[in-house]
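Student: this one's sequence-less:
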């Protein structure tokens, strides 16, 4: 059966080709997706803020909104090239962490260039947001210290993760704080951020190793990532 509307679209395009296959069409769709997702995050933020005022829990609402905003920044890096389904993890890491670092000298990013699906981008964004909050409250970014984040293909530093589901590969994130104050691990562990990270990683079949030093947190995370083209 011939699809009359599809035939009309091709004729209107003037080339006899499906306009949906053109680079311009893909770019327009990415811009439209970006616009809609940004609007969605703005609406969610407004709902959380209003609820916080009505319920008289503004601090809790602000913490939730900070997580939503971090997730939004991570997703902004997936708008371009969304038709490929593969995104640069490093770009998402920088987008999430730059506002907390406050200056380029206080954040160092290095390691392998790894592309991953959007689910991994959101996971990495949320985990690093919690690390950044802890660094601002208790660690290197509380004072004049710095943070380095290294991204490595495979499970390194003696870590393992479950890559048995489907065609998955492992990646490792290494978070290192320098120049911060000595941190009370019990104080940090008592916060909700630690539990959020642990639950996110457990759901993703990943693992984490934390080491509290005189200069702040050192953490190593290994997570499985679906292979993308």
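Tutor: Cool, got the structure. Every value quoted in this text rests on a predicted model; they were computed, and no experiment measured them.
Student: what residues does the host helix or strand of residue 72 touch?
Tutor: Per DSSP states H and E: residue 72 is located in helix 58-76. The contact list for helix 58-76 (CB atoms under 8 Å, 6 or more residues apart in numbering) reads 34, 37-38, 41, 44-45, 48-49, 51-53, 55, 92, 95-96, 99, 118, 121-122, 124-126, 128-129, 132-133, 192. To be clear about C-beta, it is placed using only N, CA and C from the backbone, and glycine gets the same treatment.
Student: Derive a ChimeraX selection command for the buried subset of those.
Tutor: In ChimeraX, this line selects whichever of the contacts of helix 58-76 come out buried by 16 or more other CB atoms under 10 Å:
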select :34,37,41,44,45,48,52,92,95,96,118,121,122,124,125,126,128,129,132,133
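Student: Return the distance of the next helix-or-strand element following the helix holding residue 72 from the chain's centre.
Tutor: Once helix 58-76 ends, the next helix or strand along the chain (criterion: DSSP H and E) is strand 87-88. Distance of strand 87-88 from the chain centroid (CA atoms, centre = their mean, to the nearest Å) equals 10 Å.
Student: Can you tell me the strand partners of strand 87-88 and which way each runs?
Tutor: Under the criterion DSSP bridges, strand 87-88 sits next to strand 115-116 (antiparallel) in its sheet.
Student: Give me the contact list for the partner strand.
Tutor: For strand 115-116, contacts defined as CB under 8 Å, 6+ apart pick out 86, 87, 88, 89, 171, 225, 226, 228.
Student: go again using 7 Å as the cut-off
Tutor: For strand 115-116, the surrounding residues in contact (CB atoms under 7 Å, 6 or more residues apart in numbering) are 86, 87, 88, 89, 225, 228.
Student: ok, which stretches of the protein are helices?
Tutor: 4-13, 23-54, 58-76, 89-101, 118-137, 185-189, 192-203 (DSSP state H).
Student: just to revisit the earlier point, which of the contacts of strand 115-116 count as buried?
Tutor: The neighbour-count test (16+ other CB under 10 Å) marks 86, 87, 88, 89, 225 as buried among the contacts of strand 115-116.
Student: and those residues as CSV, adding distance to residue 186 and pLDDT?
Tutor: CSV is the format used below for those (distance: CB to CB, whole Å; pLDDT from 0 to 100):
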residue, distance to residue 186, pLDDT
86, 41, 72
87, 37, 85
88, 37, 89
89, 31, 90
225, 32, 91
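Student: could you redo those residues as TSV and give each row distance to residue 160?
Tutor: As requested, the buried ones among the contacts of strand 115-116 are arranged in TSV below (distance: CB to CB, whole Å):
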residue	distance to residue 160
86	25
87	25
88	25
89	20
225	14
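Student: what's the most distant pair in these?
Tutor: Largest separation among the buried ones among the contacts of strand 115-116 by CB to CB: 88 and 225, giving 12.5 Å.
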